[in-house]
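Enquirer: need a 3D model of the following:
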Amino acid sequence: MKRFALILSLALTLPQLAFAWGYIGHKAIAEIAERNLTPKAKAAIERYTNGTPLHEYSLWMDEVVATPPYNKALAGWHASICDVDCTSPKIVRERYRKSRDGVTAMEQFQLQLKDYKNLSDSTVLTAIKCIVHIVADFHCPTHMRYVDLHNEGKYPVDFLGQRWDYHAVWDTGIVEAYHKGWDFVKYADQLNTLSKGEINKITKGWAQQWFEDGSRAVRPIIYWVINDGKNIQKLDMEFVNKCGPLAESQMQKAGYRLAKALNTIFGK
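Expert: This next block holds a predicted model:
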């Protein structure tokens, strides 16, 4: 636990680099979460952020993860893994990722931050930044790993007439193309529409349950694009329209679940 706290404290000294879910996706998820914070959680968080909106922290982990010493300290937290039944117990995460995954990170944060008032301000702020990013990331379709299938999508495709990495299509391309011209505020406006009952239903449990729910929804997309190592598959607007609802659903769930995580930790 001391090592974990040290990793968080060191993070504040790092410069910035590049992105995941995408600029719009990450910021929309953080914006939805902020709109659903309880007054007590919001006040507690603002003690450490000085009122900086959560969306301003949403890309921070991507910006620093390639920079020493965080290329090792934060490695693996951007994805999680499940077995063939789309369950992600500790034994699976230990065996296939050596517990370097987003679900395990969130379990550790929940334990560490039970006593957050006795931690340094810098440690708590860094934890907030990481939580905002990690919950979003393990809802992203190509950040879900399966022990029996390869889903990272690190291969080229022709996306709307341009060469893309398929992983980036889900991180950025789908979100930007599905509603062309929408910014993260517009996405948040459209996705922050669930009833209290619906929110309670999708936010039950913690990171493992949330990831498992997403892994079941996402698994079919692995077969939507064929990677034979020879041909570059063309993905047009028909593909965007097919993928858009899933991307939106995962963003919406991530936003509400991020709020649940922050409310649970800081709202007591």
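
Enquirer: now the strands for the stretch 101-250 of the chain?
Expert: For the stretch 101-250 of the chain, strands defined by DSSP state E, counting those that start in this stretch occupy the ranges 144-146, 156-159, 162-165, 234-235.

Enquirer: now these in a markdown table, with mean neighbour count, distance to Lys90 and mean pLDDT?
Expert: Every residue, glycine included, has its C-beta placed from N, CA and C. Listed next are those as a markdown table, based on neighbours: other Cβ atoms under 10 Å; distance: least, Cβ to Cβ, whole Å; pLDDT from 0 to 100:
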| stretch | mean neighbour count | distance to Lys90 | mean pLDDT |
| --- | --- | --- | --- |
| strand 144-146 | 23 | 15 | 95 |
| strand 156-159 | 18 | 35 | 96 |
| strand 162-165 | 13 | 31 | 96 |
| strand 234-235 | 17 | 36 | 96 |
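
Enquirer: among those, which is nearest Glu248?
Expert: Glu248 sits nearest to strand 144-146 of all those, at 16.4 Å, using Cβ to Cβ.

Enquirer: elements contacting the closest one?
Expert: Applying 3 or more Cβ pairs under 8 Å, 6 or more residues apart in numbering; DSSP states H and E, we find strand 144-146 packed against strand 80-82, helix 207-218.

Enquirer: let's go with 10 Å and repeat that
Expert: Under the contact criterion of 3 or more Cβ pairs under 10 Å, 6 or more residues apart in numbering; DSSP states H and E, strand 144-146 touches strand 80-82, helix 90-97, helix 207-218.

Enquirer: which of those is buried the deepest?
Expert: strand 80-82 (a mean of 27; mean count of other Cβ atoms under 10 Å).

Enquirer: what does it contact?
Expert: For strand 80-82, the surrounding residues in contact (Cβ atoms under 10 Å, 6 or more residues apart in numbering) are 88-89, 92-93, 95-97, 100-106, 134, 137-139, 143-148, 151, 207-208, 210-212, 214-216, 218-219.

Enquirer: can we see that at 6 Å?
Expert: Ser88, Tyr96, Arg97, Asp101, Gly102, Val103, Phe138, Arg145, Phe211, Ser215 (Cβ atoms under 6 Å, 6 or more residues apart in numbering).

Enquirer: and the nearest residue to Ser99 once chain neighbours are set aside, what is it in contact with?
Expert: Spatial nearest neighbour of Ser99, excluding adjacent residues (Cβ to Cβ, 6 or more residues apart in numbering): Arg93 at 5.4 Å. By Cβ under 6 Å, 6+ apart, the contact set of Arg93 is Ser99, Asp101, Thr104.

Enquirer: relative to Val175, which of those residues is nearest.
Expert: Proximity of these to Val175 was ranked by Cβ to Cβ; the top entry is Asp101 with 23.1 Å.

Enquirer: dump the helices and strands packed on strand 144-146 to JSON lines, plus mean pLDDT and distance to Leu194.
Expert: What follows is the helices and strands packed on strand 144-146, written out as JSON lines (pLDDT from 0 to 100; distance: least, Cβ to Cβ, whole Å):
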{"stretch": "strand 80-82", "mean pLDDT": "96", "distance to Leu194": "23"}
{"stretch": "helix 90-97", "mean pLDDT": "97", "distance to Leu194": "29"}
{"stretch": "helix 207-218", "mean pLDDT": "97", "distance to Leu194": "15"}
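
Enquirer: ok, which of the ones you listed comes nearest Tyr70?
Expert: helix 90-97 (17.5 Å).

Enquirer: quick check: angle from the closest one to helix 207-218?
Expert: 70 degrees (axes from the mean of the first three to the mean of the last three Cα atoms, to 10 degrees).

Enquirer: how distant is helix 90-97 from the center of its chain?
Expert: 19 Å (Cα atoms, centre = their mean, to the nearest Å).

Enquirer: nearest to Lys117, of the strands of the stretch 101-250 of the chain?
Expert: strand 144-146 (34.1 Å).
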